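**Student:** 3D model of this:
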Amino acid sequence: MKKEEELLTLKQAPTSFAPAVTPVASTTIHTDTDGLHAGQTTIPSQGEDLPAYLARPEQFSGKLPIILVVQEIFGVHEHIQDVCRRLAKQGYLAIAPELYFRQGDPRNYTEISELFEKLVSKVPDQQVLSDLDHTAHWASQHGGDISKLGITGFCWGGRIAWLYAAHNPQLKAGVAWYGKLVGNKTLTSPTNPVDRAAALDAPVLGLYGGQDTGIPLDTVETMRQAIRAANANAEIVVYPEAGHAFYADYRPSYNAEAAHDGWQRMLDFFAQYGVKSSQ
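**Tutor:** Prediction:
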């Protein structure tokens with residue numbers, strides 16, 4: 001699609017993993033860029049240039065379905081970039097905005113606790129949701145089809161995926177990987193997914209680990225009850241033997257069986273609700 005190529009100039013993105021999770025596991029997966037247009041770009045958002053990683057097929061006709069990829073606590077590091085490339089290989093325009101960029105850089109932290117306390121906890125939900133809106137709009141002007149808009153997020157981003165499904169009525173489907181469902185409310189995070197079950201505008205698939213010590217199964221059941229009470233179009237799948245971050249192939253928590261099954265369920269879920277590529 002030559003016209004789009006002329007409009008969109010990408011630069012090489014950093015390929016390192018977040019310092020807070022190094023060294024990486026031997027199970028780490030790397031997806032190449034063969035046949036893809038992939039790299040770093042910027043998006044006008046709330047008066048600033050929002051950095052983002054984009055991956056999409058190099059050649060395509062018409063417009064591509066859009067998947068917003070929401071980062072883990074560690075930011076848009078190599079794993080999230082690879083997820084974008086995996087989705088692009090499936091025929092999607094996948095884009096992951098750097099949602100902490102106003103507050104700081106997660107690469108400056110070597111400890112997860114410090115990263116959360118000094119950076120992540122200071123990022124307002126409303127800022128994140130607005131940045132995602134601008135990202136979706138930008139993608140629709142660069143080869144994406146806004147009528148086929150999906151979102152997926154991991155860990156910190158899993159929670160955001162739930163919230164976004166109650167925020168943007170244009171969203172067709174969301175898939176949340178092990179995102180917190182309940183928790184303490186703060187000025188930056190005034191609501192939790194369980195509070196927004198009745199407001200879900202789009203179908204959501206939640207993927208969780210039965211051995212996740214950070215997201216106890218009783219909180220998952222609380223969310224299920226909220227979904228049923230609201231008659232919301234959402235479902236939750238729990239993998240009994242998986243822990244937190246079971247899709248993160250670069251970490252010891254990786255569970256290949258659950259990861260593969262969850263990935264296929266995600267693709268099927270998007271297809272079921274119209275976020276499907278014709279490529």
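**Student:** Next up, the contacts around the closest residue in space to Tyr247 that isn't next to it in sequence.
**Tutor:** Counting by CB to CB, 6 or more residues apart in numbering, Tyr247 lies nearest to Ala259, which is 4.6 Å off, once chain neighbours are set aside. Glycine gets a C-beta too; all of them are placed from N, C-alpha and C. Ala259 makes contact with 246-247, 249, according to CB atoms under 8 Å, 6 or more residues apart in numbering.
**Student:** Asp49 is in contact with Ile43, isn't it?
**Tutor:** Yes: with contacts counted by CB atoms under 8 Å, Asp49 reaches Ile43, the gap being 7.2 Å.
**Student:** ranges for the strands of the chain?
**Tutor:** Secondary structure of the chain (DSSP state E): strands located at 36-45, 48-57, 64-70, 93-97, 144-154, 173-177, 204-209, 234-239.
**Student:** Would you format these as TSV with mean pLDDT included?
**Tutor:** Shown next, in TSV, are the strands of the chain (pLDDT from 0 to 100):
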stretch	mean pLDDT
strand 36-45	96
strand 48-57	97
strand 64-70	98
strand 93-97	98
strand 144-154	98
strand 173-177	98
strand 204-209	98
strand 234-239	98
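**Student:** Just send these back as JSON lines, with distance to Gly274 and mean neighbour count too.
**Tutor:** Shown next, in JSON lines, are the strands of the chain (distance: least, CB to CB, whole Å; neighbours: other CB atoms under 10 Å):
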{"stretch": "strand 36-45", "distance to Gly274": "23", "mean neighbour count": "18"}
{"stretch": "strand 48-57", "distance to Gly274": "18", "mean neighbour count": "22"}
{"stretch": "strand 64-70", "distance to Gly274": "8", "mean neighbour count": "28"}
{"stretch": "strand 93-97", "distance to Gly274": "15", "mean neighbour count": "28"}
{"stretch": "strand 144-154", "distance to Gly274": "6", "mean neighbour count": "24"}
{"stretch": "strand 173-177", "distance to Gly274": "8", "mean neighbour count": "29"}
{"stretch": "strand 204-209", "distance to Gly274": "14", "mean neighbour count": "25"}
{"stretch": "strand 234-239", "distance to Gly274": "16", "mean neighbour count": "17"}
